[in-house]
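Trainee: Sequence and predicted model, in that order:
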Amino acid sequence: MAKTLYDKLWDAHVVRQNDDGSSLIYIDRQLVHEVTSPQAFEGLRLAGRKPWRVDANLATPDHNVPTTGQAAGVAGITDPVSRLQVETLDSNCDEFGITEFKMNDPRQGIVHVVGPEQGATLPGMTVVCGDSHTSTHGALGALAHGIGTSEVEHVMATQCLIQKKSRNMLVRVNGKVGPGVDAKDIVLAIIGKTGTAGGTGYAIEFAGEAITDLSVEGRMTVCNMAIEAGARAGMVAVDDKTIDYVKGRPYAPSADQWDAAVANWADLHSDDDARFDVVIELNAAEIQPQVTWGTSPEMVVAIGDKVPDPDAETDAVKRIGMEKALAYMGLEANTPINEIAVDKVFIGSCTNSRIEDMRAAAAVAKGRKVADNVMLALVVPGSGLVKRQAEAEGLDKIFVAAGFEWREPGCSMCLAMNADRLEPGERCASTSNRNFEGRQGQGGRTHLVGPAMAAAAAIAGHFADVRELD
Amino acid sequence: MKKFITLNGLVAPLDRPNVDTDAIIPKQFLKSIKRSGFGPNLFDEWRYLDQGEPGVDNSKRPLNPDFVLNQGRYQGAQVLLGRDNFGCGSSREHAPWALEDYGFRCVIASGFADIFYNNCFKNGILPIVLGAAIIEQLFKETEANEGYSLNVDLPEQKVATPAGESFAFEVDEFRKYCLLNGLDDIGLTLQRVDDIKIYEQKRKVEAPWLF
């Protein structure tokens, strides 16, 4: 029978099918960070259990790490509560023998940047992490999704999860995007169409020319935000770009296993006549640079649009939601998006902190200056290795010359667990993934954009169409 | 894990869609390395007028009188009524930990985000999906009647109103079994050690680069 990519990945990992419709699924890789793991390690200790396969786990601290002064290591974290959490990860990994890229290791960074960068997440794998943006790794043709802490402990103890299979959704983006439109714009446009709950209960495969045209890093940006469409897992079929991306990475298959792995991965695509429960199609040529205006990623419009008017919404629940969002965001209906001024700019996060994101932002920043009304424009690379590469290309100097701050790797102001945050009422153009109330700091106002659009907002002092920048 | 069999609990209505886990428990409280003590910071940004930080005495903070859980009539609520896409966003299990620690044992909504829904079952909380029209009715009845309680029966998979009206709900057999018995599913999975080992042997031949 014809199978989807998701069907194939699922079937290859079924350890046991239970009578009640659930299955025991084998997990090839677990990524671990400091926020969602301490209670899982504690659970193992209390039950006297050991990790089933120590080498299937890879850890790095990311959420709490400061983006300055990392050379001092854990001792450099001034917030004692944050410091304890990172110290706890270090001691847990040491105790259980789990490989960890600690704070002073150049390979440290955001788990979802580090995994693919190291070849620790591979095509055909099942990948989990106690973080909803684990969907990122689906860009490699893997089945990857976020789990809660109880399941982190379950995977550590058994290398398995008890799961019920999701339904299949295909999101096909036909044709080519225009110049100045990037992966972030594509995924925001998709979420604008599906809504934030549209993918609930589904695994999404992203396909179509606009997706296959993307680099593997661009595909990671798209899959990263599958969860913002409600789907735990997003994925893209394996092609030559995927194979080229993986080759030579530290944890990739060794030379003597490489050919067999590549042959195995060749089947990681949906069969031509595979059936999807839902198919959603978008025309790439219609996608414009996107900017969110509200407090949910589905509240998104094109840069040339205006802030929507709740009075035009017929659904009462939606209308109230829009009114609450506008009140929180301090916005008037019908304001042109490109007239909204920003106070801060954040370029980073597991969505947009890879080398190509750094290059896209630097291309806009080059030879320009951050506007006077922008009090902070942060660039936070996703890992120590991204930082090193960007510096080798001179991108750091471009950013600094333009008035951006060039920082050290971590999750930073995507969720503001470290010192990087918005103050109440501050408005931010952010390349992160969530514009929820308080996400970047209590009372902070987040507008999601791609890296080039964030740099353009920093330069203009307000949202601006990157395609029309002077 | 606490068992969940039946519950007759006071209902609190949280009338907004897309209640995300950042709202349920803001990020600064995720720095804890414990599993308990999150209840006082449940819905922190909506519940208090000032900015919450870990280690602060919450009993001395100014409450937001407009927030529903601060109203006298909803004190002691065990059932939370919500709308679409409840629990969206981050996978943080701190969200159900905070709900449970506060006293909620059941969340009834017209839709849940997948990860949050799953996390509830691991913590003795029963999430129930009911149709949008029923949810609308329950909001109206809750707001109109002080002391409004619902009777939740997991073995029968039914929610009953004080007037005796009853609504059936769906729940996976395995999740129901674990909740009814308060079972740690790691122990159950470890009864399948042989299956896991057989799978690993097979996989080592098919895809040796994964080991």
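Mentor: Right, received. Where do you want to start?
Trainee: number of nearby residues for B:Phe104?
Mentor: 22 (other CB atoms under 10 Å in any protein chain shown). C-beta coordinates here come from the backbone N, C-alpha and C atoms, glycine included.
Trainee: Pull the contacting residues for A:Tyr251.
Mentor: Counting by CB atoms under 8 Å, 6 or more residues apart in numbering or on different chains, A:Tyr251 makes contact with A:Leu58, A:Gln118, A:Gly119, A:Ala120, A:Leu122.
Trainee: Looking at these, which one is closest to chain B?
Mentor: Among these, A:Leu122 lies closest to chain B (CB to the nearest CB), at 7.6 Å.
Trainee: wait, is that closest one part of a strand?
Mentor: No. With DSSP: H, G, I helix; E, B strand; the rest coil as the criterion, A:Leu122 is assigned coil and is not in a strand.
Trainee: So for it, what's the pLDDT?
Mentor: Reported pLDDT at A:Leu122 in the predicted model: 98.
Trainee: cool, and B:Met1?
Mentor: pLDDT for B:Met1: 86.
Trainee: That one contacts B:Asn123, correct?
Mentor: Yes. Shown here, B:Met1 and B:Asn123 form a contact pair, counting by CB atoms under 8 Å, at 6.6 Å.
Trainee: more crowded one of the two?
Mentor: The neighbour comparison of B:Met1 against B:Asn123 (other CB under 10 Å) goes to B:Asn123, with 22 against 17.
Trainee: filter the contacts of A:Tyr251 by proximity to chain B?
Mentor: Taking CB under 8 Å from any CB of the partner chain, the overlap between the contacts of A:Tyr251 and the neighbourhood of chain B is A:Leu122.
Trainee: mind listing what A:Ser215 touches?
Mentor: Counting by CB under 8 Å, 6+ apart, A:Ser215 has contacts A:Lys241, A:Glu356.
Trainee: Tell me how far it lies from A:Glu117.
Mentor: Distance, A:Ser215 to A:Glu117, using CB to CB, to the nearest Å: 14 Å.
Trainee: Then A:Val364?
Mentor: 24 Å.
Trainee: Now do the buried residues in the longest helix along chain A.
Mentor: In chain A, with assignment by DSSP state H, the single longest helix is helix A:80-96. By 16 or more other CB atoms under 10 Å in any protein chain shown, the buried positions in helix A:80-96 come out as A:81-90, A:92-93, A:96.
Trainee: Kindly report the same for stretch B:192-210.
Mentor: For stretch B:192-210, by 16+ other CB under 10 Å, it's B:Arg192, B:Ile196, B:Tyr199, B:Glu200, B:Arg203, B:Ala207, B:Trp209, B:Leu210.
Trainee: Show me which pair in those is furthest apart.
Mentor: Greatest spatial distance among those (CB to CB): B:Arg192 and B:Trp209, at 25.0 Å.
Trainee: any idea how far the single nearest residue of the stretch 251-400 of chain A relative to chain B lies from A:Val187?
Mentor: Distance from chain B to each residue of the stretch 251-400 of chain A (CB to the nearest CB) is smallest for A:Pro253, at 3.6 Å. Remark: distance between A:Pro253 and A:Val187 (CB to CB) = 29 Å.
Trainee: Helix or strand for the closest residue in space to A:Thr431 that isn't next to it in sequence, just tell me which one.
Mentor: The shortest distance from A:Thr431 to any non-neighbouring residue, by CB to CB, 6 or more residues apart in numbering or on different chains, is to A:Asn352 (3.7 Å). Following DSSP states H and E, one finds A:Asn352 outside all helices and strands.
Trainee: I'd guessed A:Asn352 sits against A:Pro451; true?
Mentor: Yes. In terms of CB under 8 Å, A:Asn352 counts as a neighbour of A:Pro451; the distance is 4.9 Å.
Trainee: Of these two, which one has the most company?
Mentor: A:Asn352 (32 against 29).
Trainee: Show me the strands in chain B, by range?
Mentor: B:6-13, B:79-81, B:106-109, B:126-129, B:149-153, B:158-160, B:166-168 (DSSP state E).
Trainee: Format these as JSON lines; extra columns: mean neighbour count, mean pLDDT and distance to chain A.
Mentor: Listed next are these as JSON lines, based on neighbours: other CB atoms under 10 Å in any protein chain shown; pLDDT from 0 to 100; distance: least, CB to the nearest CB, whole Å:
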{"stretch": "strand B:6-13", "mean neighbour count": "18", "mean pLDDT": "98", "distance to chain A": "13"}
{"stretch": "strand B:79-81", "mean neighbour count": "27", "mean pLDDT": "98", "distance to chain A": "14"}
{"stretch": "strand B:106-109", "mean neighbour count": "23", "mean pLDDT": "98", "distance to chain A": "11"}
{"stretch": "strand B:126-129", "mean neighbour count": "22", "mean pLDDT": "98", "distance to chain A": "10"}
{"stretch": "strand B:149-153", "mean neighbour count": "19", "mean pLDDT": "98", "distance to chain A": "20"}
{"stretch": "strand B:158-160", "mean neighbour count": "18", "mean pLDDT": "98", "distance to chain A": "20"}
{"stretch": "strand B:166-168", "mean neighbour count": "13", "mean pLDDT": "98", "distance to chain A": "18"}
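Trainee: Among these, which comes closest to A:Asp20?
Mentor: Across those, closest to A:Asp20 is strand B:126-129 (CB to CB), at 17.3 Å.
Trainee: so how far is that closest one from its chain's centroid?
Mentor: Mean-position distance between strand B:126-129 and its chain equals 8 Å (CA atoms, centre = their mean, to the nearest Å).
Trainee: What is that strand packed up against?
Mentor: Helices and strands touching strand B:126-129, by 3 or more CB pairs under 8 Å, 6 or more residues apart in numbering or on different chains; DSSP states H and E, are strand B:106-109, helix B:114-121.
Trainee: mind redoing it with 6 Å?
Mentor: Using 3 or more CB pairs under 6 Å, 6 or more residues apart in numbering or on different chains; DSSP states H and E as the contact test, the elements touching strand B:126-129 are strand B:106-109.
Trainee: Tell me the bridge partners for the closest residue to B:Phe86 other than its chain neighbours.
Mentor: Of all residues not flanking B:Phe86 in the chain, B:Ala109 sits nearest, at 4.1 Å (CB to CB, 6+ apart). When assigned by DSSP bridges, B:Ala109 has beta-bridge partners B:Val129.
Trainee: doesn't B:Gly82 make contact with B:Ala109?
Mentor: Yes. In this structure, B:Ala109 is within contact of B:Gly82 by CB atoms under 6 Å, at 3.8 Å.
Trainee: Close to chain A: what parts of chain B are there?
Mentor: Within reach of chain A by CB under 6 Å from any CB of the partner chain, chain B has these residues: B:17-18, B:20, B:22, B:26-27, B:30-31, B:33, B:35, B:45, B:51, B:54, B:84-85, B:88, B:90-91, B:93, B:111, B:114-115, B:119, B:122, B:173-174, B:186, B:189, B:192, B:195-196, B:199, B:209-210.
Trainee: Would you mind checking the residues you listed for buried ones?
Mentor: The neighbour-count test (16+ other CB under 10 Å) marks B:17-18, B:20, B:22, B:26-27, B:30-31, B:33, B:35, B:45, B:51, B:84-85, B:88, B:90-91, B:93, B:111, B:114-115, B:119, B:122, B:174, B:186, B:189, B:192, B:196, B:199, B:209-210 as buried among these.
Trainee: Could you check the pLDDT of the closest residue in space to A:Gln288 that isn't next to it in sequence?
Mentor: Leaving aside its chain neighbours, A:Gln288 sits nearest to A:Ala302 (3.6 Å; criterion: CB to CB, 6+ apart). Here the pLDDT value assigned to A:Ala302 is 98.
Trainee: For A:Ala302, give me phi and psi.
Mentor: Main-chain dihedrals, A:Ala302, degrees, to the nearest 10: phi -80, psi 160.
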